[in-house]
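K.L.:
No sequence on hand, only this structure:
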């Protein structure tokens, strides 16, 4: 019997279109002998839809929720259900609305980029619904999405990151000159300005002087209330490494070097100029990157470390900057759901996209099995004690301590 694989994509995010491209790519490569594919699209308003029509990119040019072959649904959050529910109206003058199951999902492949999908919010919902899913979990996804928290996490772990400062919109609006001065004095120029919770280079820009910095901050604050400002390097080499696996089974890919890594790569260059239907896989790159074996091994080792630190699963991509002048390597960011699922890196290493999808699904199922092995049946006498009122609750807390367990 085939597994029912839900490919969930879209979402209320500026990166929704990138997710559509990545999802269409993936659905074309799924082994239909093993799996039935159930596309699940979340539109910009947060509404959920399914239907075979959503496997065709033309369905989104533009998206029409009322088109034939598209059904509006919502998830049943009952533990382990996996059902996608829909409301239907019977025939006849006095017909009532009925609730029906439109589809049932065994495993979700999460193809989300940005907020409301890559940031741990969707992952939290799937955890509550107790349905296996392919992406990194709640905590790792949240840290991986927020550039400010991510940078602080990496720095705290002793990993190499570029110097940076962060600001809130209110800080800038109340004292813009102070913010400008702090960047000038602490970082110098050039700097890169990034909204904390966006990817795909949306809202990101370079500033070479104070005037450009003001313009860049104002742009970034249009997309997020928190902004990261990072010190720029002089013609760095960009190097990317993907990691695949779960728990103790972790593999790092070959290293790629985008050819236009010496310049700032904006959203249009990443996803449109080379042909949007191909996404990130269409970028010109050198693969494998022409770097020394020592640097390659360092990047792969760091990538595996980061994967384990954030308790990732499935496929991620970790991006680096190498400063030729100082010969120092810096971690730029982790993409917990990379564009095109970084399949091109794994194909280069001999793992076809269809087999990569198999591995992602296996990781999702293993993680769900591990979660369900945990003991959720522990009970105590606290409710019995609490039934005696406030005094009883205090007594229960004290009793817990006396018996060697911590109070609540």
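P.N.:
Structure received. Predicted model, so just to flag it, every value in this text is computed and none were measured. Residues are numbered from 1 along each chain as shown.
K.L.:
For the residue positioned nearest the centre of the chain, which three-state class applies?
P.N.:
Nearest to the geometric centre of the chain sits residue 118, at 2.9 Å (Cα atoms, centre = their mean). Three-state assignment for residue 118 (DSSP: H, G, I helix; E, B strand; the rest coil): coil.
K.L.:
Burial check on residue 109, number of neighbours?
P.N.:
For residue 109, the neighbour count with other Cβ atoms under 10 Å is 29. Glycine gets a C-beta too; all of them are placed from N, C-alpha and C.
K.L.:
Report the contact partners of it.
P.N.:
Shown in contact with residue 109 (Cβ atoms under 8 Å, 6 or more residues apart in numbering): 5, 6, 7, 8, 26, 133, 134, 357, 360, 361, 364.
K.L.:
Equivalent analysis for residue 255, please.
P.N.:
Going by Cβ under 8 Å, 6+ apart, residue 255 touches 239, 240, 241, 287, 288, 289, 291, 296, 299, 300.
K.L.:
Turn the contacts of residue 109 into JSON lines, including neighbour count and secondary structure.
P.N.:
Below are those laid out as JSON lines (neighbours: other Cβ atoms under 10 Å; DSSP: H, G, I helix; E, B strand; the rest coil):
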{"residue": "5", "neighbour count": "24", "secondary structure": "strand"}
{"residue": "6", "neighbour count": "25", "secondary structure": "strand"}
{"residue": "7", "neighbour count": "26", "secondary structure": "strand"}
{"residue": "8", "neighbour count": "27", "secondary structure": "strand"}
{"residue": "26", "neighbour count": "23", "secondary structure": "helix"}
{"residue": "133", "neighbour count": "28", "secondary structure": "strand"}
{"residue": "134", "neighbour count": "28", "secondary structure": "coil"}
{"residue": "357", "neighbour count": "24", "secondary structure": "helix"}
{"residue": "360", "neighbour count": "24", "secondary structure": "helix"}
{"residue": "361", "neighbour count": "23", "secondary structure": "helix"}
{"residue": "364", "neighbour count": "25", "secondary structure": "helix"}
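K.L.:
what are the ranges of the helices in the stretch 301-408 of the chain?
P.N.:
343-348, 353-373, 382-386, 390-402 (DSSP state H, counting those that start in this stretch).
K.L.:
how about these in CSV, adding distance to residue 180 and mean pLDDT?
P.N.:
Listed next are the helices of the stretch 301-408 of the chain as CSV, based on distance: least, Cβ to Cβ, whole Å; pLDDT from 0 to 100:
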stretch, distance to residue 180, mean pLDDT
helix 343-348, 39, 97
helix 353-373, 45, 97
helix 382-386, 55, 77
helix 390-402, 52, 48
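K.L.:
Dihedrals phi and psi, residue 241?
P.N.:
phi -140, psi 130 (degrees, to the nearest 10).
K.L.:
That one - how many residues pack around it?
P.N.:
Residue 241: 26 neighbours (other Cβ under 10 Å).
K.L.:
now do residue 214
P.N.:
For residue 214, the neighbour count with other Cβ under 10 Å is 16.
K.L.:
One more: the one 3 residues further on?
P.N.:
Summarising burial for residue 217: neighbours were counted as other Cβ under 10 Å, giving 22.
K.L.:
looking at the helices of the stretch 301-408 of the chain, which is buried most?
P.N.:
Burial of the helices of the stretch 301-408 of the chain is given as mean neighbour count (mean count of other Cβ atoms under 10 Å); helix 343-348 ranks first at a mean of 21.
K.L.:
ok, back up a step: now for the residue nearest to the centre of the chain: which residues touch it?
P.N.:
For residue 118, counting by Cβ under 8 Å, 6+ apart, the contacting residues are 13, 110, 112, 135, 141, 144, 145, 199, 336, 337.
K.L.:
likewise residue 313?
P.N.:
Residues in contact with residue 313 (Cβ under 8 Å, 6+ apart) are 134, 135, 136, 137, 245, 246, 247, 363, 364, 367.
K.L.:
Apply 7 Å and report the result again.
P.N.:
By Cβ atoms under 7 Å, 6 or more residues apart in numbering, residue 313 lies in contact with 136, 246, 363, 367.
K.L.:
Name the nearest of those residues relative to residue 165.
P.N.:
Closest approach between these and residue 165, by Cβ to Cβ: residue 136, at 27.0 Å.
K.L.:
Does residue 86 lie in a helix or a strand, and which?
P.N.:
Here residue 86 sits within strand 83-89, counting by DSSP states H and E.
K.L.:
I misspoke; the intended subject was residue 126.
P.N.:
If you go by DSSP H and E, residue 126 is part of helix 121-129.
K.L.:
Likewise for residue 211?
P.N.:
Using DSSP H and E, residue 211 maps to helix 210-223.
K.L.:
Now the element after the strand holding residue 86, going C-ward?
P.N.:
Downstream of strand 83-89, the first helix or strand assigned by DSSP H and E is strand 97-104.
K.L.:
May I see the buried residues of the strand holding residue 86?
P.N.:
For strand 83-89, burial by neighbour count (16 or more other Cβ atoms under 10 Å) applies to 83, 84, 86.
K.L.:
looking at the chain, which helix or strand is least sure?
P.N.:
One helix or strand of the chain scores below all others by mean pLDDT, DSSP states H and E: helix 267-271, with a mean of 45.
K.L.:
Quickly run through the sheet partners of the next helix or strand after that one, with directions.
P.N.:
The C-terminal neighbour of helix 267-271 among helices and strands, as given by DSSP H and E, is strand 285-286. Partners of strand 285-286 in the sheet, by DSSP bridges, are strand 249-258 (antiparallel).
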